[in-house]
Structure formats: structure tokens, C-alpha cells
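Engineer: Have a look at this fold, sequence not included:
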């Protein structure tokens, strides 16, 4: 690894930009998953909760975009009257986060895998381009 590719100022170990962004993507998806599960959500409030998560994660370093979808119909039983809501559960969530640092861009996702019965976080793409820096890339 060339010294120019390493980013020791971001992490203690010398990581490439690609490695650092992949690590950061996992941290951001894990944070979303563990921070918001159990939040009361209804069909009326789901879009607002999704935007709140997007705005909160969007404040963090390297985030280029965040897309959160919450489908409250995928939850358990709903209460009635003023208690007509469910608790946010993994099957309700679909998240995509894109991070960029210079010429490197990483997109990672979080979504329920029904075949695994598990909310899987995965790397959707890694791109390295030559040329102008990506909009929104920020140093830590």
C-alpha cells in the first residue's frame, strides 16, 4: 500500500480510503439498526421517522447520501385508537448509505433477508474513479 493511499489520520491502522469507507459504512448501518429499533411507528409517522434518520446520519463524516424506507405494514399487530402504532422492527427497514472520500465511493445496504430471517448489512458497490473529488466528501 502506498503512503498516499493510507489514511492513518482517520483510523489508527493505516487503511486505504476504500477500507476506511467500508468500515464507516458498517458503523453507520449498525448505528441505525441498533439506535432506532423499537421506536413507535405508524403509516402516518413512518415517512417522518425515515427522514429524521436520513438527516441524522447525513451529518456524519463522508456521507454522500442516505436513503431510508420504513414499511410499517411489515410489523406485528397494531394497537387501536391513539395506540394505533407498531414498534419499528428489522423487516420494516430498508436503508442505503453512500459514503465518499476523494475518488472512492462506497454504497452499503441494510434490509431484511426473508430467506435468512435476518436483517443483513451488505456492500452494494465500491467505485474508484479518477478525477474530481466527490461532492460531500469530508475529512474526519
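Structural biologist: Structure received. Everything quoted here is computed from the prediction, not taken from an experiment.

Engineer: now for the lowest-mean-pLDDT helix or strand in the chain, which elements pack on it?
Structural biologist: Sorted by mean pLDDT, DSSP states H and E, the helices and strands of the chain end with strand 86-87, the least confident at a mean of 90. Secondary-structure packing of strand 86-87 (3 or more CB pairs under 8 Å, 6 or more residues apart in numbering; DSSP states H and E): strand 40-41. Backbone N, C-alpha and C define where each C-beta goes, glycine included.

Engineer: Contacts for the strand it packs on next, please.
Structural biologist: By CB atoms under 8 Å, 6 or more residues apart in numbering, the residues outside strand 40-41 that reach it are 49, 70, 72, 75, 85, 86, 87, 88, 92.

Engineer: Residue 21: which of those is nearest?
Structural biologist: For these, the minimum distance to residue 21 (CB to CB) is 25.3 Å, reached by residue 70.

Engineer: Report back the residue of the chain that's furthest from centre.
Structural biologist: Farthest-out residue of the chain from its mean C-alpha position, per CA atoms, centre = their mean: residue 81, at 32.8 Å.

Engineer: do you know how far it is from residue 92?
Structural biologist: Distance, residue 81 to residue 92, by CB to CB, to the nearest Å: 21 Å.

Engineer: List the contacts of residue 67.
Structural biologist: Listed by CB under 8 Å, 6+ apart, the contact set of residue 67 reads 54, 95, 96, 97.

Engineer: Thanks again, I'm all set now.
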